[in-house]
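# Mind folding the following:
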Amino acid sequence: MIVCPNCNHANPDGAVQCEACYTPLPVSIACPSCGTTVQADASFCGQCGYHLKSVSAPMLSTPESSLPDPLESPEPIVPEPLVQPDPILLPTQAERIPEAAAIQPPVLATQLQQSFARLLNLQTSTVVEIPPGLTVVHIGKPNDQIPPDIDVSGFPNSEIVSRIHADIRVEGETYYIEDVGSSNGTYINNSPLPMGNRHRLRPGDRISLGKGDKISFLFQT
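All right, here's what the predicted structure looks like:
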């Protein structure tokens, strides 16, 4: 029998609701040990004490028809083949030569540049070029010992200039001047240049041959 949990009325086995109060009755099962009818939610059989929670799965299992369908394996995704771009055809070396030759500018011959120095006579504004290619340039007037490379005999007041007066020495692109024993001396920017001493010439230096600044030159490059 099944006892109603609401009014404790004893109902016959298999009843689904109480005959007295119409309360839904709990589902009952037979104890697998002694066969006594017990409620399905009971943990132990009231007759023999059997542990009902250990009942094998087939007695409590859901009918096979109610089981959900197994998940179907998705179809494998096949990647689409990569589309290869058309190869870029590069011109061969033989084809590039005419094009490169047309772009390149004509090659111009490199001209060697060489600096030149000169002396500007301040009394007459006459320009005297310092001879290129010489490492020692003699300044003076014509004589029998050392012919001057720069002859100042034609300038006014040249009588104060010694025949062997001064030398300009060239070292690379640097110019030096020294007095070589003149009678009236050599002056650089109005300062006397001791005999044997060298002075490095710079553009704008004033060179005076003799005292009184009567014959003077401006060094230029």
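
# If you rank every helix and strand of the protein by mean pLDDT, what lands last?
The weakest-scoring helix or strand in the chain, judged by mean pLDDT, DSSP states H and E, is helix 57-60 (a mean of 41).

# ok but residue 128 is inside a strand, no?
Yes. Membership of residue 128 in a strand is supported by DSSP: H, G, I helix; E, B strand; the rest coil.

# That one reaches residue 122, doesn't it?
No. With contact defined as CB atoms under 8 Å, residue 128 does not reach residue 122; the gap is 11.7 Å. Every C-beta, even on glycine, is put in place using the N, C-alpha and C of the backbone.

# Mind listing what's buried along the lengthiest strand in the chain?
Determined from DSSP state E, the single longest strand within the chain is strand 164-171. The neighbour-count check on strand 164-171 (16 or more other CB atoms under 10 Å) flags 164, 165, 166, 167, 168, 170 as buried.

# One more: stretch 6-15?
Buried residues in stretch 6-15 (16+ other CB under 10 Å): 9, 11.

# Show me the shaky parts of the chain.
Counting by pLDDT under 70, the ranges of the chain that qualify are 1, 38-40, 46, 52, 54-74, 78, 81-115.

# follow-up on the earlier one: any common contacting residues for residue 128 and residue 122?
Contact with both residue 128 and residue 122 is made by residues residue 217, according to CB atoms under 8 Å, 6 or more residues apart in numbering.

# who's in contact with the nearest residue to residue 145 once chain neighbours are set aside?
Closest residue to residue 145 apart from its sequence neighbours, by CB to CB, 6 or more residues apart in numbering: residue 164 at 6.6 Å. Applying CB under 8 Å, 6+ apart to residue 164 gives the contacts 138, 140, 143, 145, 146, 148, 180, 181, 182.

# Counting only strands, which of the residues you listed make the cut?
138, 140.

# For the contacts of residue 164, I'd like a selection string for PyMOL - just the buried members, please.
The buried residues among the contacts of residue 164 can be selected in PyMOL (16+ other CB under 10 Å) with this line:
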select buried, resi 138+140+148+180+182
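
# Need the contacts of residue 164 in TSV (columns: distance to residue 13).
Compiled in TSV, the contacts of residue 164 are given as follows (distance: CB to CB, whole Å):
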residue	distance to residue 13
138	151
140	156
143	161
145	160
146	156
148	155
180	152
181	156
182	156
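
# Point out the ones among the contacts of residue 164 that are inside helices.
Under the assignment DSSP state H, these contribute nothing to helices.

# can I see the domain layout of the chain?
1-61, 118-220 (automatic domain parsing).

# most tightly surrounded among these?
Highest mean neighbour count among the domains of the chain (mean count of other CB atoms under 10 Å): domain 118-220, with a mean of 15.

# export the domains of the chain to CSV and tack on distance to residue 76?
Listed next are these as CSV, based on distance: least, CB to CB, whole Å:
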stretch, distance to residue 76
domain 1-61, 34
domain 118-220, 84
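
# Can you tell me which of those is nearest to residue 77?
Distance to residue 77, taken as CB to CB, is lowest for domain 1-61 among the domains of the chain, at 37.0 Å.

# The closest residue to residue 45 other than its chain neighbours and residue 199, how far apart?
In this structure, residue 45 finds its nearest non-sequential neighbour in residue 31, 4.1 Å apart by CB to CB, 6+ apart. Separation of residue 31 from residue 199 (CB to CB, to the nearest Å): 135 Å.
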